[in-house]
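Engineer: need a structure here:
(one chain, ligands or ions: 3)
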Amino acid sequence: MRLPTSTFNLFAIASLIGLGAIGWIHIGLVASTEDSAFRSARYDVTWTGSAGRIEILELQLRVAKYLESGSAEDADQVYLYSQIVEGRLENWNTGVFGEYLDDSPARRAMFDRAHAEFRDAKTAFARIDDPEVLARLQKKIDLIVPILDRIGTDAHTHTVTVNAAIRDQLIEEQRVQQYLSFGLIGAGALLLMVMMYQNRSLVRAHRAARESAAGFSDLAHHDGLTGLPNRLAFKGEFDAAMEATDHDSNMLAVFAIDLDGFKAVNDLLGHSAGDDLLIEVSARLRKLVDKLGHGNIVSRFGGDEFVVLLQGKAAVSRHQDIAARILAELSRPYLVQRSTVAIGATIGLSLLDRAGDSASNPLLDADLALSNAKAQGKGIVVTFDPSMRQDFERRGRLEIDLKTALGNGEIFPFYQPQVDIRTGQVVGFEALARWNHPELGWIGPNEFIPIAETSSQIVELGRCILTTACAQAREFPEKMRVSVNLSVGQMLRDDVIGMVSGVLASTGFPAHRLTLEVTESVMMSEPELAARTLNELKSLGISIALDDFGTGYSALSYLRQFDWDELKIDKSFVDDLADDPRSLSIVESVVDLATELGMKVVAEGVESSDQDEILRNSGCHIAQGYLYGRPQPIEDVHLLLLKLLAAEEPDSDEPAKASG
Ligand code: C2E
Ligand code: CA
Ligand code: CA
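Structural biologist: Numbering: from 1, shown residues only. Ligands and ions are numbered 1, 2, ... in the order given. Prediction:
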């Protein structure tokens, strides 16, 4: 415990005032003692008084002696003593003795009378040879002697009394001085003690402040939940490790780890279960990494992201093996709040390669490898490859360039024919976006559509493609349809209906010739909103196709969730048709079900006539694929349509075919 500063200050001020007061009193006492000592000296009139007494008695004696002898010698003695007494009386009359006489008016009067008598007798001393004068002188002296004797005796008594009083006063003052000394010493000691105590408290407070500052720094460097070093701490260790790394050998390995399925645990079992899971994941990682030697770090970067740094050649040479062990360890079941849960992990791995790439930063590289791994599918380990950085940089550039591409007319649709699988006649086209980049050349939608989707530019892009497709398809023969892809990002905006009907109105393209293709992911995020929107689009007269059936979840339930006009079987199914009897039976049953539900079935990615034949036999209605034609620019479509038109002329006996 420490005195509050205000209390300490008050105490210190009070002590100082006390010390000041004691000092003041002490000074007063010293002055008073000096005064007493002086007074004791001043009032020492005993000796003067006694001397006077003796001298006057001596004079009386000499006079008596002369009276007896009448010798000249004795006469001289009388004269001498008369002189002495005269001097003594002068002496008594002034100075300290005079003051003593003045102290008592009666005493003063007594002395003055004796003094006057003596002065009166003074001339008589010169004539003592005259017996008459001598007799008178003797009488006078006999009168004066008792007075002066009395004054002298009183002086002695007085001195004794005064000195006793002064001594008592001095003793009293000395006692007070003693108390004051004790007081002074006590107050000083107390002040010293309080200061020492306060000082010790300050030292303790200082230490506590230092410790709490260290605590804050600790907090700033550690993840509160798992106690692992956080991103900041990792960065420090990582920079130091980079610095220490031998310049031409691989000694660092970074594992960027992302948990798969963590969000589901958090959503289903609650955040505290999620926290417990993260703590257990950290413990497993730490245990595994601790076994790999010193200087290795496990860090939590936030959320379900962890990063492991391994140092030393041995660890690095076995990195693939270690990554696989991390995956296996993290995929073991967990017991979280009495539930058993299973999650997985995806890992991006990078090694420091000074010799190969001077700009290499293993931390960024591991992150890129992780993004790559996640894009490829989860639960895998992907090792960094320099091409990933080029891809990353290219993606960054496309993201920037996309902002101006639409305005510059660099993005527009190509058209891929869709053919009636029985007659081979072209029944419509799917509009597929293409980007003609001024510097990078042709860029496919698989590359830029995902970028547009993350940046919400997909809305503008979709509107642009739809507008161009409708405007250009208006020139197609009336029986031909056009299909346009619609992203989830577009679908879930509340103005999609207004946008589509606006485009139809502005281009004059009839709604009944337009098909919008959406994937099942539309039904997954917000099924009710999606169904409502799709129904509204249908009510405009537009057909709706379920795209990419066979990828993703491909639940048959999606077929019943909405009244689809068209079902597009994904290329991946079509690819396997010729070799895999299971693919064939799946396609056959899907076609049966879709037909039963009144849908047209479109097969995508038909490349061979074998596939074409199988699909035709399984009851599929429409085929789309390189076998019939690649996506092509509008000019080529016009040429194709001209050919088809020519083939339809009455003098021709060939039916309209896409590949002319
Ligand atoms: P999708 O809608 O499934 O389009 C079919 C894709 O398969 C097209 O790729 C097409 O070129 C390709 N393809 C067609 N037949 C064959 C074949 O016989 N063999 C092979 N190997 N490929 C074939 P594309 O044009 O690169 O488009 C890729 C995806 O980009 C599309 O897949 C679609 O999901 C998306 N996309 C294209 N244009 C747009 C658009 O305007 N808006 C939106 N939201 N997405 C678009
Ligand atoms: Ca499509
Ligand atoms: Ca498709």
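Engineer: which residues touch the most centrally placed residue in the chain?
Structural biologist: Centroid-nearest residue in the chain, with Cα atoms, centre = their mean: residue 220, separated by 6.3 Å. Neighbour list for residue 220: 230, 232 [criterion: Cβ atoms under 8 Å, 6 or more residues apart in numbering]. C-beta coordinates here come from the backbone N, C-alpha and C atoms, glycine included.
Engineer: cool, and residue 461?
Structural biologist: Applying Cβ under 8 Å, 6+ apart, the residues contacting residue 461 are 406, 411, 433, 449, 452.
Engineer: and if you look at residue 32?
Structural biologist: Shown here is residue 32, whose contacts under the criterion Cβ under 8 Å, 6+ apart are 169, 173.
Engineer: just to revisit the earlier point, can you redo the contacts of residue 461 as a markdown table with pLDDT, distance to ligand 3 and secondary structure?
Structural biologist: Below are the contacts of residue 461 laid out as a markdown table (pLDDT from 0 to 100; distance: Cβ to the ion, whole Å; DSSP: H, G, I helix; E, B strand; the rest coil):
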| residue | pLDDT | distance to ligand 3 | secondary structure |
| --- | --- | --- | --- |
| 406 | 94 | 23 | coil |
| 411 | 98 | 19 | strand |
| 433 | 98 | 13 | strand |
| 449 | 96 | 12 | helix |
| 452 | 94 | 17 | helix |
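Engineer: of those residues, which is the most crowded?
Structural biologist: residue 452 (25 neighbours; other Cβ atoms under 10 Å).
Engineer: quick one: least confident helix or strand in this protein?
Structural biologist: Here the helix or strand of the chain ranked lowest by mean pLDDT, DSSP states H and E is helix 313-317, holding a mean of 62.
Engineer: need the residues of the stretch 451-600 of the chain near ligand 2, please.
Structural biologist: Proximity of the stretch 451-600 of the chain to ligand 2 (Cβ under 5 Å from the ion) is limited to residues 485, 517, 547.
Engineer: hang on, the earlier thing: show residues contacting the helix or strand following the least confident helix or strand of the chain.
Structural biologist: Sequence-wise, the next helix or strand downstream of helix 313-317 (DSSP states H and E) is helix 319-331. Helix 319-331 has contacts (Cβ under 8 Å, 6+ apart) with 253, 255, 257, 259, 281, 284-285, 288, 292, 308, 310, 315, 342-345, 347, 349, 351, 379, 381, 383.
Engineer: filter these down to the ones in helices?
Structural biologist: 281, 284, 285, 288, 315 (DSSP state H).
Engineer: so which of these comes closest to residue 34?
Structural biologist: Within the ones in helices among the contacts of helix 319-331, the smallest distance to residue 34 is 88.2 Å, found for residue 285 (Cβ to Cβ).
Engineer: now the closest one: how far from residue 468?
Structural biologist: From residue 285 over to residue 468 the distance is 52 Å, taken as Cβ to Cβ, to the nearest Å.
Engineer: would you turn the ones in helices among the contacts of helix 319-331 into CSV with distance to residue 440 and neighbour count?
Structural biologist: Below are the ones in helices among the contacts of helix 319-331 laid out as CSV (distance: Cβ to Cβ, whole Å; neighbours: other Cβ atoms under 10 Å):
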residue, distance to residue 440, neighbour count
281, 41, 24
284, 45, 16
285, 41, 24
288, 43, 18
315, 40, 20
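Engineer: nearest to residue 77, of the residues you listed?
Structural biologist: The shortest approach to residue 77 among the ones in helices among the contacts of helix 319-331 belongs to residue 285, at 130.8 Å (Cβ to Cβ).
Engineer: that closest one - nearest residue in space that isn't next to it in sequence?
Structural biologist: Nearest non-adjacent residue to residue 285, counting by Cβ to Cβ, 6 or more residues apart in numbering: residue 298, 4.7 Å away.
Engineer: the one you found belongs to a strand?
Structural biologist: Yes. Looking at residue 298 with DSSP: H, G, I helix; E, B strand; the rest coil, it is inside a strand.
Engineer: tell me how many other residues surround residue 272.
Structural biologist: Each residue near residue 272 was counted by other Cβ under 10 Å, and the total is 11.
Engineer: for it, give me its contacts.
Structural biologist: Neighbour list for residue 272: residue 337 [criterion: Cβ under 8 Å, 6+ apart].
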